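Chemist: Build the 3D model from these lines:
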Amino acid sequence: MFKIIIKGLCLFFLCCAAAYAAFPPPQGWYVEGNAGFSTVSSKSYSAPNIRRSGVGWNLNLGYKLTTYFSAEGGYTYYFPTRIYNGPKVGEDRHYAYDFAGKATLPISDSSVDVFGKLGVARVHSHIKLTNASLASGLNLNTKAQNVTGLYMALGLEYYFAPSIATNIQWARAHGNGLTGDLNLYSVGLSYNFG
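Modeler: Numbers count the residues shown, from 1 in each chain. Below you'll find the model as predicted:
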């Protein structure tokens, strides 16, 4: 279902790009909020049943230096991995802080931009037990885990006003076997103060 929504938004962006002239690219400070589907991979649990995906969200604050380059910092909250051994035993809560450079390529004379982000992320994972008696045989590490890893993202944004844009993007914060790799497929809005 989420993939159908993403494909529909891509088609919408391309149609808008063909129908409207481009706004001049804004510069200066911007704020961005995104929400969508998050998932955790590359982390194994000893429990018989795991739910790794659900709703996640992200907030970014950035500065657009030129038409083609921005620097931004962000916070992403991922859906907590639910751990079951029959009933729910607990959940693994994930979040990440990131700092990245954002390269933007305007598409011709449209208001659509393709962008990529590359930087570092501080990934956090912490298992909180809700039923310790059922978790006793599962060998779950309840100590908080933190790791610094690569952060990257790809997406499209469409300026429907000179300082307001909507976007679709995929972002990934690389962790390790103790934290997992965190993915967010999202749609969002940004506002440029310049």
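Chemist: Touching, residue 193 and residue 61? I think so.
Modeler: No: if you go by Cβ atoms under 8 Å, residue 193 and residue 61 don't touch, sitting 10.4 Å apart. (Each C-beta comes from the backbone N, C-alpha and C, glycine too.)
Chemist: Any stretches of the chain with poor pLDDT?
Modeler: Low-confidence segments of the chain (pLDDT under 70): 1-25, 134-136.
Chemist: Would you state the helices of it in chain order?
Modeler: Along the chain, counting by DSSP state H, helices occupy 2-19, 132-135.
Chemist: Quick check: residue 58 vs residue 35, distance?
Modeler: As judged by Cβ to Cβ, to the nearest Å, residue 58 and residue 35 stand 8 Å apart.
Chemist: Please identify every residue contacting each of the two.
Modeler: 186, 188 (Cβ atoms under 8 Å, 6 or more residues apart in numbering).
Chemist: The two: which has the busier surroundings?
Modeler: Neighbour tally, residue 58 and residue 35, criterion other Cβ atoms under 10 Å: the higher count belongs to residue 58, 24 against 15.
Chemist: residue contacts, that one?
Modeler: Neighbour list for residue 58: 32, 33, 34, 35, 74, 75, 76, 77, 171, 184, 186, 188 [criterion: Cβ under 8 Å, 6+ apart].
Chemist: and the residue located most distally from the centre of the chain, what does it touch?
Modeler: The centre of the chain is farthest from one residue, residue 133, which by Cα atoms, centre = their mean lies 34.3 Å away. When the contact criterion is Cβ under 8 Å, 6+ apart, residue 133 has no partners at all.
Chemist: ditto for the one 4 residues further on
Modeler: Residues in contact with residue 137, defined by Cβ under 8 Å, 6+ apart, are residue 85.
Chemist: where along this protein do the strands fall?
Modeler: All strands of the chain, identified by DSSP state E, fall at 28-41, 49-51, 53-64, 69-84, 88-106, 112-129, 145-161, 164-173, 181-192.
Chemist: now these as a markdown table including distance to residue 138?
Modeler: Shown next, in a markdown table, are the strands of the chain (distance: least, Cβ to Cβ, whole Å):
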| stretch | distance to residue 138 |
| --- | --- |
| strand 28-41 | 17 |
| strand 49-51 | 11 |
| strand 53-64 | 20 |
| strand 69-84 | 8 |
| strand 88-106 | 7 |
| strand 112-129 | 9 |
| strand 145-161 | 16 |
| strand 164-173 | 26 |
| strand 181-192 | 22 |
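Chemist: Quick check: neighbours shared by residue 193 and residue 61?
Modeler: 29, 30, 31.
Chemist: Only whichever of the residues you listed are buried, select them in ChimeraX.
Modeler: The buried residues among the shared contacts of residue 193 and residue 61 can be selected in ChimeraX (16 or more other Cβ atoms under 10 Å) with this line:
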select :30
